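Enquirer: Output the structure for:
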Amino acid sequence: MKKRRAVITGMGTVNPLAHDVQTFWQRLLSGDTGIARICRFDASSFSSQIGGEVIDWPGVPEEVVDRRELKRLDRFAQFAMGAAVEAVRDAGLDFQDTDKDRCGVLIGTGIGG
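Expert: Predicted structure coming up:
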């Protein structure tokens, strides 16, 4: 079997600690958890009212996805797109000059939409 290399050229994130890799890493190193009392919905009927929520997120840039399309996307998919935009920018990729067959994206989600 021939070994193949994969190279990470850019990173992006949207998570309870931050909406960008640099801030996320700094908050992680300082011991922040991103876990707090749930505030995006009424969680009083649940046995636990704490969790990790993404709050104050500005959203996917409109130059990437138009407003009508965003309304059709689940929130987790919008997070994935926001992180992907950051990763592409971080990598300095220009898809006009890049072989798209040699690019990939790894997305992790717990439940999805």
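Enquirer: Just the buried positions in the top helix by length along the chain, please.
Expert: Across the chain, the longest stretch assigned as helix under DSSP state H is helix 75-91. By 16 or more other C-beta atoms under 10 Å, the buried positions in helix 75-91 come out as 76-88, 90-91. No exception for glycine: its C-beta is placed from N, CA and C like everyone else's.
Enquirer: what's the closest of those to Arg4?
Expert: The nearest member of those to Arg4, counting by C-beta to C-beta, is Ala91 at 19.0 Å.
Enquirer: got a list of what the closest one touches?
Expert: Going by C-beta atoms under 8 Å, 6 or more residues apart in numbering, Ala91 touches 9-10.
Enquirer: on that earlier part again, list just the nearest of the buried residues of helix 75-91 to Thr23.
Expert: Nearest to Thr23 among the buried residues of helix 75-91, with distances taken as C-beta to C-beta, is Glu86, at 11.0 Å.
Enquirer: if I pick the closest one, what's in contact with it?
Expert: 10-13, 20-21.
Enquirer: likewise Glu53?
Expert: With C-beta under 8 Å, 6+ apart, Glu53 has these contacts: 16, 36, 38-40.
Enquirer: which stretches of this structure form strands?
Expert: 35-37, 50-52 (DSSP state E).
Enquirer: how about the ones you listed, which one is nearest Ser44?
Expert: The closest approach between Ser44 and any of the strands of the chain, judged by C-beta to C-beta, belongs to strand 35-37 at 10.7 Å.
Enquirer: List the contacts of the helix or strand of the chain with the lowest mean pLDDT.
Expert: None of the helices or strands of the chain scores lower by mean pLDDT, DSSP states H and E than helix 67-72, at a mean of 85. Helix 67-72 is touched from outside by 59-60, 78, with contacts defined as C-beta under 8 Å, 6+ apart.
Enquirer: Those residues into a markdown table, with extra columns for distance to Leu28 and pLDDT?
Expert: Shown next, in a markdown table, are these (distance: C-beta to C-beta, whole Å; pLDDT from 0 to 100):
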| residue | distance to Leu28 | pLDDT |
| --- | --- | --- |
| Gly59 | 23 | 82 |
| Val60 | 23 | 82 |
| Gln78 | 23 | 88 |
